[in-house]
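mind folding the following:
(one chain, ligands or ions: 1)
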Amino acid sequence: MSDDTDSKTRILTVIERIEEPGDILRVKLAAPDGAALPAFTAGAHIDIRLSAGDTGLWRQYSLCSDPAQAQGQAGHYEIGVLRDPNSRGGSVAFHRLAAPGGSFTVEGPRNHFELAEDARRTVLFGGGIGITPMLAMAWRLHALNRDFTLHYCTRSERATAFRDTIATAPWGHRVVFHHDDLPQAQRLDPARDLPEPDAGTHLYVCGPQGFMDWVIGAAKTAGHAPANIHREYFSAQVDSTGEGFEVTASRSGVTVSVGPEDTIAKALARAGISIPVKCEEGVCGTCVTDVLDGTPDHRDQFLTDEERAEGSMICVCCSRARSKSLVLDI
Ligand code: FES
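As a prediction, the model looks like this:
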């Protein structure tokens with residue numbers, strides 16, 4: 001797990017707004033004075049604040065542009081945001097606020113979905129809006145002259161965003177489109193579309209939770225090593241309820257009770273111990289905290305299987321305890 005690049009907060013201006021099919025808004029962001037932006041690596045995201053105040057609503061959006069485009073004059077970042085009226089309000093707010101000339105407070109870029117650039121073969125799986133980090137990866141893999149395939153799954157051709165980008169990209173011939181309304185033979189078939197497991201073959205999966213669970217499950221069954229299956233969840237259905245337990249913040253010596261409907265982050269905040277929280281559903285990694293004692297009950301999608309098994313870290317926005325108490329390194 002890494003948390004590279006630049007976490008400084010900055011104001012970025014919307015320089016272009018493009019409505020894509022499938023209710024996806026593509027937005028280019030640049031520094032107000034046109035200065036170069038911090039470099040980012042393929043798979044990185046930025047955090048965008050969508051409401052004011054200390055506890056403002058923050059959302060994470062993958063950078064989908066060519067990483068080489070951040071730098072130099074006229075450098076910019078590009079993101080794609082699906083308008084989802086059933087979400088907690090972030091995407092709807094973004095679609096409303098992202099007008100040309102408008103600005104957002106932005107943190108990052110950060111990368112929790114890094115590309116193994118020396119892989120012998122790379123296969124990318126993007127479902128719906130999960131195509132966004134895959135586009136940046138495709139640009140980078142092309143620049144490195146690497147062997148790769150991008151499987152892009154959407155509901156229909158009409159609802160497929162970024163078609164123009166892909167059609168004109170020098171790596172466009174490496175993209176295989178799969179639409180739900182096509183005959184079965186043209187939809188994604190993991191048995192057919194997954195490559196042979198190999199130490200030098202890396203898989204990347206991003207999209208809705210059901211799509212990701214399906215592809216990742218098939219990849220594991222096919223024998224791909226967990227360390228070679230890279231994934232990034234945009235959102236997740238998280239059940240953060242359960243039996244009550246106690247949490248001790250070791251550095252301050254404060255112990256709090258976490259009730260059945262409570263979260264560790266909220267219980268600690270009431271006691272004056274604030275841990276930064278952004279997504280609140282275990283996907284962004286902002287709240288990861290070291291565990292000194294006790295057994296976490298992981299509810300997040302952020303930590304890897306190995307990190308969960310180790311039990312030395314916990315996402316305090318949603319995860320709980322299997323033991324009666326936890327001691328955290330805060
Ligand atoms: S706040 Fe995003 S994982 Fe906890």
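
C-alpha only now, for contacts and for neighbours.
Fine.

my guess is residue 103 contacts residue 13, does it?
Yes. Assessed by CA atoms under 8 Å, residue 103 is found in contact with residue 13 at 4.2 Å.

for the two, indicate the residue with more neighbours.
Taking neighbours as other CA atoms under 10 Å, residue 103 and residue 13 compare with residue 13 leading, 23 against 18.

hang on, the more buried one is in a strand, isn't it?
Yes. Assessed by DSSP: H, G, I helix; E, B strand; the rest coil, residue 13 belongs to a strand.

what bridges to it?
residue 30, residue 103 (DSSP bridges).

report pLDDT for it.
Looking at residue 13, its pLDDT is 96.

measure it to residue 57 for me?
Here the criterion is CA to CA, to the nearest Å. By it, residue 13 lies 18 Å from residue 57.

with residue 309 instead?
Taken as CA to CA, the span from residue 309 to residue 57 is 31 Å.

compare those two (neighbour count), which wins?
More crowded of residue 309 and residue 57, by other CA under 10 Å: residue 57, with 18 against 13.

list the contacts for the more buried one?
49-51, 90, 278 (CA atoms under 8 Å, 6 or more residues apart in numbering).

and it, how far from residue 170?
Taking CA to CA, one finds residue 57 at 37 Å from residue 170.

repeat for residue 77
20 Å.

if you count what's nearby, which of the two comes out ahead?
Counted by other CA under 10 Å, residue 77 and residue 170 do not tie: residue 77 has more neighbours, with 29 against 13.

find the nearest non-adjacent residue to the more buried one, please.
residue 29 (5.2 Å; CA to CA, 6 or more residues apart in numbering).

residues contacting that neighbour?
So residue 29 contacts 12-16, 76-78 (CA under 8 Å, 6+ apart).

could those residues go into TSV alongside distance to the ligand?
Shown next, in TSV, are the contacts of residue 29 (distance: CA to the nearest ligand atom, whole Å):
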residue	distance to the ligand
12	22
13	25
14	25
15	28
16	28
76	25
77	22
78	22
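
filter the residues you listed to the buried ones?
12-15, 76-78 (16 or more other CA atoms under 10 Å).

residue of the stretch 101-250 of the chain nearest the ligand, please.
residue 235 (9.4 Å; CA to the nearest ligand atom).

residue contacts, the closest residue to that residue other than its chain neighbours?
When the adjacent residues along the chain are set aside, residue 235 lies closest to residue 283, with 6.2 Å between them (CA to CA, 6+ apart). Applying CA under 8 Å, 6+ apart to residue 283 gives the contacts 232-236, 300-302.

next one: residue 215
With CA under 8 Å, 6+ apart, residue 215 has these contacts: 190, 205.

and it, how far from residue 326?
34 Å.

returning to that earlier point: just send the contacts of residue 283 back as JSON lines, with secondary structure and pLDDT too.
Output for the contacts of residue 283, formatted as JSON lines (DSSP: H, G, I helix; E, B strand; the rest coil; pLDDT from 0 to 100):
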{"residue": "232", "secondary structure": "strand", "pLDDT": "92"}
{"residue": "233", "secondary structure": "strand", "pLDDT": "87"}
{"residue": "234", "secondary structure": "coil", "pLDDT": "80"}
{"residue": "235", "secondary structure": "coil", "pLDDT": "76"}
{"residue": "236", "secondary structure": "coil", "pLDDT": "76"}
{"residue": "300", "secondary structure": "coil", "pLDDT": "94"}
{"residue": "301", "secondary structure": "coil", "pLDDT": "88"}
{"residue": "302", "secondary structure": "coil", "pLDDT": "91"}
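
most surrounded residue in those residues?
residue 300 (27 neighbours).

need phi/psi at that residue.
phi -90, psi 170 (degrees, to the nearest 10).

hmm, residue 320 and it touching each other?
No. The criterion here is CA under 8 Å, and residue 300 misses it with residue 320 at 9.9 Å.
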